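Novice: With the input below, show me the fold.
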Amino acid sequence: MPRILTAQHDRFLLNRPFRISRGVKTAADVITVTVGAGRGEGVPYPRYGESVESVLAQIASVRGAIEDGADRQALLSLLEPGAARNAIDCALWDLEARQSGRSVAALIGNPAPERLVSALTVVIDTPMAMGAAARAIAHAPLIKVKVDDTIPDAQIRAVRAAAPNAALIVDPNESWNRKMVEAMQPELARLKVALLEQPVPASEDAWLEGFKPEVPICADESVHTAADLDVVARRYQVVNVKLDKSGGLTAALELAAAARVRGLGLMTGCMVSSSLSIAAALHVARLSDFADLDGPVWLAEDRPGGVRDEGGWMTPPTSGFWGTP
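Specialist: From the prediction side, this is the model:
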């Protein structure tokens with residue numbers, strides 16, 4: 001009997017605006033997929049040419065194959081990496097766990113995800129406002145600082161002054177150029193920034209080959225799947241694994257393993273999403289040096305039973321939410 005695949009657009013309002021260098025978000029638009037009893041979520045991302053409509057169309061294009069029994073390996077050739085493949089892949093993992101009576105962790109061969117450090121984000125604002133936001137979460141072990149190309153030095157200084165003990169990830173979201181990256185190195189080192197994430201556009205990062213930064217640089221938009229690593233490993237020290245970029249947990253695990261083989265550091269990130277996205281990402285985060293999975297923290301209301309943030313420590317969702325029998 002064929003499995004039924006459904007896909008729908010769900011919108012989650014945010015509890016406050018999420019402002020980065022390329023714009024402001026006030027709601028999370030996600031695609032929720034079910035395959036039989038399995039659930040998955042993908043987040044269409046305009047930066048990669050995706051929309052709600054295009055992702056739903058991609059899912060519809062493979063509905064027949066999935067309902068006829070195509071598995072996760074077959075899916076890798078049916079769809080390109082992206083939000084559509086991610087939603088279906090994660091639904092298939094969840095379905096397999098429920099049908100087999102074994103958790104996704106057991107299927108992977110790893111222990112179940114446990115409570116872990118996950119960054120809390122300070123979004124772009126005036127230095128004073130960003131300092132105040134950082135002060136409110138100063139107890140968190142890890143803070144991500146969103147900046148652009150206007151006054152990033154003042155913004156990072158304000159956050160560091162307000163949260164002197166937190167590890168900092170600075171994320172310009174591709175808004176800097178080579179001159180700014182080079183000029184900011186001493187200040188980033190002085191402020192004890194742990195990681196600089198994708199400072200320049202992915203299309204303009206070739207000069208990073210041979211560059212020796214004072215603070216490790218993490219590829220985000222420059223890396224999607226393991227196939228990108230031959231180039232990325234020559235330019236970056238760390239890679240940010242996101243399921244919506246890799247096209248699901250299957251490809252994300254492959255990317256994480258291949259990055260480690262090349263001696264690269266690992267970060268697990270997310271889009272602004274519900275806990276249904278994060279539940280799957282936790283299986284990569286447990287392998288990573290950094291986790292940035294606070295997407296659901298920005299929601300006015302999350303899916304029931306989802307992850308919980310406790311002062312920068314993320315607790316996995318309740319049993320049965322995703323990936324457990």
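Novice: same for the longest strand along the chain, what does it pack against?
Specialist: Secondary structure of the chain per DSSP state E: the longest strand is strand 5-20. Strand 5-20 sits against strand 23-35, helix 52-61, helix 63-67, helix 83-100, with contacts defined as 3 or more C-beta pairs under 8 Å, 6 or more residues apart in numbering; DSSP states H and E. Quick note: C-beta positions are derived from backbone N, CA and C, even for glycine.
Novice: tell me the angle of it relative to helix 52-61?
Specialist: Here strand 5-20 runs at an angle of 150 degrees relative to helix 52-61 (axes from the mean of the first three to the mean of the last three C-alpha atoms, to 10 degrees).
Novice: export strand 5-20 as PDB, just CAs?
Specialist: Extracted C-alpha coordinates of strand 5-20, given in PDB (Å, rounded to 0.1, in the frame of the first residue of the first chain):
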ATOM      1  CA  LEU A   5       2.900  12.200   1.300                       C
ATOM      2  CA  THR A   6       1.400  15.600   2.300                       C
ATOM      3  CA  ALA A   7       3.100  19.000   2.300                       C
ATOM      4  CA  GLN A   8       1.800  22.300   3.700                       C
ATOM      5  CA  HIS A   9       3.000  25.800   4.300                       C
ATOM      6  CA  ASP A  10       3.000  26.700   8.000                       C
ATOM      7  CA  ARG A  11       3.800  30.200   9.400                       C
ATOM      8  CA  PHE A  12       5.100  30.900  12.900                       C
ATOM      9  CA  LEU A  13       5.100  34.500  14.100                       C
ATOM     10  CA  LEU A  14       8.300  35.700  15.800                       C
ATOM     11  CA  ASN A  15       8.400  37.200  19.300                       C
ATOM     12  CA  ARG A  16      10.600  40.000  18.100                       C
ATOM     13  CA  PRO A  17      12.200  41.000  14.700                       C
ATOM     14  CA  PHE A  18      15.200  39.000  13.500                       C
ATOM     15  CA  ARG A  19      17.500  41.500  11.800                       C
ATOM     16  CA  ILE A  20      20.500  40.400   9.800                       C
END
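Novice: Highest mean neighbour count out of the helices and strands packed on strand 5-20?
Specialist: Most buried of the helices and strands packed on strand 5-20, by mean neighbour count (mean count of other C-beta atoms under 10 Å): helix 83-100, with a mean of 25.
Novice: Outline the domain layout of the chain.
Specialist: For the chain, the structural domains run 5-101, 116-315, going by automatic domain parsing.
Novice: Need the winner for burial among these.
Specialist: Among those, highest average neighbours (mean count of other C-beta under 10 Å) belong to domain 116-315, with a mean of 20.
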